[in-house]
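[1] I would like to see how this sequence folds:
(2 chains)
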Protein chains: 2
Amino acid sequence: MAAIRIAVVGMGKIARDQHLPSIARNADFDLVASVSPRDPGVDGIANFTSLDALLAEGPAIDAIALCTPPQVRYELASMALARRVHVFLEKPPGATLAEVDALETQAAETGTTLFAGWHSRFAAGVAPAKAWLADKRIERVSIVWREDVRVWHPGQAWIWEPGGLGVFDPGINALSIATEILPQPFFLTSATLSTPANRAAPIAADLAFRTAAGAPVTMDLDWRQTGPQSWDIVVETDAGTLSLAKGGAVLTLPSGTVHNDDEEYPGLYTRFAALVRDGRSDVDTTPFTLVADAFLRGTRNSVEAFDD
Amino acid sequence: MAAIRIAVVGMGKIARDQHLPSIARNADFDLVASVSPRDPGVDGIANFTSLDALLAEGPAIDAIALCTPPQVRYELASMALARRVHVFLEKPPGATLAEVDALETQAAETGTTLFAGWHSRFAAGVAPAKAWLADKRIERVSIVWREDVRVWHPGQAWIWEPGGLGVFDPGINALSIATEILPQPFFLTSATLSTPANRAAPIAADLAFRTAAGAPVTMDLDWRQTGPQSWDIVVETDAGTLSLAKGGAVLTLPSGTVHNDDEEYPGLYTRFAALVRDGRSDVDTTPFTLVADAFLRGTRNSVEAFDD
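    As a prediction, this is how the structure comes out:
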């Protein structure tokens, strides 16, 4: 099978740090173009200031990876699907749930692959955690996701705008893992969202969920953490405690710690290639639904202004 | 087929104004019990202070209509489905999207009927509006839903709490009609939610959506309307203008005004009986998704305090 000719759209930090290296080492893909309104682009390939221009002037492409902020992603994804260009959506898959549903319908109607990627699900500990939990009774789950926004999202104004999710931008990674590994669905019972006086999106949130069987799931999200960072999920079960640390990379079971190589973005591209080859889509909006529920049902409070 | 023995749970205004009369005139149903922590109940039937007590002490029931505030609905619905009791959910179907998804899964697993009812879809003009629009090109849609909260929701504290939706409680009726009659999906592009300084839920909202084909859909929600009330949807098409007035009851097409009898709650119960008989569920969360998207993506502003 010929390599999938791919363009990366939105040349921000995540595109350069993760997408370009993962594409470069995957023989199923051939990077042929980049799109960015401002970025100088990538040496050795065609660079465009808009997806319109790329589609009009070529080179031919089979797929795009959409790494723009979520607020502008629908238009670009829809334009690509209309040309039967396969689309890999960075997380979160859109600015609203309904637009992702509309894209899923459009992908089905055009026979094109749409992949809503959740990179944290490809962290080394996630698949073995899911396998271990499959037959356990869940008693309690604690999710702590505390990081320093100045380190991880320096100067990213869009992330604070409506549709930008604020601290749920990393928080949705935790939810993408929890929804993958827990053997039951869970849903929000209460939430408090703390938003800086000068911003539209929350900087911290305390959330309480319960599983369908009634087990409590707590989530502590905070973007004001300096010093050591925490990306931990602890699951207490009838057979002992499972912990996933470092964002899913390190899994500890009652029998000891499991070490595997981390494969987040390479894993996403392996999956995307398989979906394109098989003519299928994979659009799981569950993590995004839980975030929308937090905004829908959460209590708001205003906290100290935040400046980069 | 024997009549469906039904209990009404949550004896508030909507239960007394709409559910009881509609059940009384539908031969497919036999009202056998009511549940309410405080209400004195209904003459001539068994009345309980909790669903637990009804399920423990009888009489036997086949179905419940859940008319409680949405914040407590999941537990009750899940308890009923676990006993294979069919469930009719008043709108909105829950306090969060994820819990409704979990109920839908539980209904499927237990072979029980779950019906998320959208009463406005049974307004007289809705079905003919949908039929007329099916082959039209939509050019522009305007939704204006302005009513006096003091008239329609007097002293209902829960509606202002987190999970209570505020002005989206009536607004979701408009969205349930628009999602039914328009031949394409639509999704939010921007929103401003105005929340009283002393409340958690919005009293007004300005929303902009677009259809998948790019037509603008505007929505003006306001609970501060005194005097004449407005529940209007106007759809401009390539074949002229359709208008639905009075919450979907009065349909005007370019050829004139169509008059039919209004059948909102009777229509819901006819549908619920058919679903139970056929062993099927009907859980369309699209209107609720659009509301969650408004909370997720909308800009917030604080307005004058509101007191009943």
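
[2] and the gap between A:Pro92 and A:Asp284?
    According to Cβ to Cβ, to the nearest Å, A:Pro92 and A:Asp284 sit 12 Å apart. The way it works is simple: take the backbone N, C-alpha and C, and place the C-beta from them, glycine included.

[3] Give the residue from these two that has the larger number of neighbours.
    Ranked by neighbour count (other Cβ atoms under 10 Å in any protein chain shown), A:Pro92 and A:Asp284 place A:Pro92 first, with 27 against 15.

[4] Just confirm yes or no for stretch A:221-230 near chain B.
    No - using Cβ under 8 Å from any Cβ of the partner chain, stretch A:221-230 never reaches chain B; the gap is at least 15.4 Å.

[5] Quick one: end-to-end distance for that stretch.
    End-to-end distance of stretch A:221-230: 10 Å, with Cα to Cα, to the nearest Å as the criterion.

[6] what comes into contact with it?
    If you take Cβ atoms under 8 Å, 6 or more residues apart in numbering or on different chains as the criterion, stretch A:221-230 is touched by A:144-149, A:166-168, A:170-171, A:174, A:202-207.

[7] So which of these sit within helices?
    A:Val149, A:Phe168, A:Pro170, A:Gly171, A:Ala174 (DSSP state H).

[8] Let me know the helix or strand that the residue nearest the centre of chain A is in.
    By Cα atoms, centre = their mean, the mean C-alpha position of chain A lies nearest to A:Lys91, the distance being 3.1 Å. Remark: A:Lys91 resides in no helix or strand, with elements defined by DSSP states H and E.

[9] Next, count neighbours for the nearest residue to A:Glu90 once chain neighbours are set aside.
    Leaving aside its sequence neighbours, A:Glu90 sits nearest to A:Cys67 (Cβ to Cβ, 6 or more residues apart in numbering or on different chains; 4.9 Å). Per other Cβ under 10 Å, the neighbour tally for A:Cys67 reads 24.

[10] dump the residue contacts of A:Cys67.
    Each residue near A:Cys67 by Cβ under 8 Å, 6+ apart is listed here: A:Val8, A:Val9, A:Gly10, A:Met11, A:Gly12, A:Ile14, A:Ala15, A:His19, A:Glu90.

[11] Turn these into a markdown table, including distance to A:Ala98.
    Listed next are the contacts of A:Cys67 as a markdown table, based on distance: Cβ to Cβ, whole Å:
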| residue | distance to A:Ala98 |
| --- | --- |
| A:Val8 | 26 |
| A:Val9 | 22 |
| A:Gly10 | 22 |
| A:Met11 | 28 |
| A:Gly12 | 25 |
| A:Ile14 | 24 |
| A:Ala15 | 26 |
| A:His19 | 26 |
| A:Glu90 | 19 |
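
[12] and the residues you listed, which of them are in helices?
    Those of the contacts of A:Cys67 lying in helices (DSSP H): A:Ile14.

[13] Now distance to B:Ala24, pLDDT and neighbour count too, for the contacts of A:Cys67, in CSV please.
    Converted to CSV, the contacts of A:Cys67 look like this (distance: Cβ to Cβ, whole Å; pLDDT from 0 to 100; neighbours: other Cβ atoms under 10 Å in any protein chain shown):
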residue, distance to B:Ala24, pLDDT, neighbour count
A:Val8, 63, 97, 25
A:Val9, 59, 97, 28
A:Gly10, 59, 95, 23
A:Met11, 65, 94, 22
A:Gly12, 62, 89, 16
A:Ile14, 60, 92, 17
A:Ala15, 63, 95, 23
A:His19, 62, 97, 25
A:Glu90, 55, 96, 24
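
[14] and which of the contacts of A:Cys67 is nearest to A:Asn198?
    Nearest to A:Asn198 among the contacts of A:Cys67, counting by Cβ to Cβ, is A:Gly12 at 23.0 Å.

[15] Skip the chain neighbours and tell me the closest residue to that closest one.
    Setting aside the residues directly before and after it, A:Gly12 is nearest to A:Cys67 in space (Cβ to Cβ, 6+ apart), at 6.1 Å.

[16] Could you do A:Phe122 as well?
    Counting by Cβ to Cβ, 6+ apart, A:Phe122 lies nearest to A:Gly267, which is 3.2 Å off, once chain neighbours are set aside.

[17] wait, doesn't that neighbour sit right on A:Trp118?
    No - counting by Cβ atoms under 8 Å, A:Gly267 does not reach A:Trp118; the two are 10.4 Å apart.

[18] ok, the two, which is more surrounded?
    A:Trp118 (26 against 19).

[19] For the residue nearest to the more buried one when sequence neighbours are not counted, give me its contacts.
    Among residues not flanking A:Trp118 along the chain, A:Ser176 sits closest, at 3.7 Å (Cβ to Cβ, 6+ apart). The contact partners of A:Ser176, taken as Cβ under 8 Å, 6+ apart, are A:Lys91, A:Trp118, A:Ser120, A:Arg121, A:Pro287.

[20] Give me the pLDDT for A:Ser176.
    Looking at A:Ser176, its pLDDT reads 98.

[21] secondary structure class for it?
    With DSSP: H, G, I helix; E, B strand; the rest coil as the basis, A:Ser176 sits in helix.

[22] what separates it from B:Gly240, distance-wise?
    Plainly put, A:Ser176 is 47 Å away from B:Gly240 if you go by Cβ to Cβ.

[23] Confirm A:Thr195 sits in a strand?
    Yes - under three-state DSSP, A:Thr195 falls within a strand.

[24] If it is in a bridge, with which residues?
    A:Thr195 forms beta bridges with A:Ser302, as assigned by DSSP bridges.

[25] What's the local residue count around it?
    Burial of A:Thr195 is recorded as 21 neighbouring residues (other Cβ under 10 Å).

[26] That one: what's it in contact with?
    A:Thr195 makes contact with A:Gly166, A:Ala201, A:Pro202, A:Ile203, A:Arg300, A:Asn301, A:Ser302, A:Val303 under the criterion Cβ under 8 Å, 6+ apart.

[27] Could you rerun that using 7 Å?
    A:Thr195 makes contact with A:Ala201, A:Pro202, A:Ile203, A:Arg300, A:Ser302, A:Val303, according to Cβ atoms under 7 Å, 6 or more residues apart in numbering or on different chains.

[28] what's the answer for A:Thr270, then?
    Counting by Cβ under 7 Å, 6+ apart, A:Thr270 makes contact with A:Asn26.

[29] Tell me the secondary structure at it.
    Recorded secondary structure, A:Thr270: helix (three-state DSSP).

[30] how near is it to A:Ala129?
    Applying Cβ to Cβ, the value for A:Thr270 to A:Ala129 is 19 Å.

[31] do the same with A:Pro37
    The value you get for A:Pro37 to A:Ala129, if Cβ to Cβ is used, is 40 Å.

[32] And the two? Which one has more around it.
    Legend: neighbour count by other Cβ under 10 Å for A:Pro37 and A:Ala129, higher for A:Ala129 (25 against 10).

[33] Was I right to think that one contacts A:Leu242?
    Yes - applying Cβ atoms under 7 Å, one finds A:Ala129 in contact with A:Leu242, separated by 6.0 Å.
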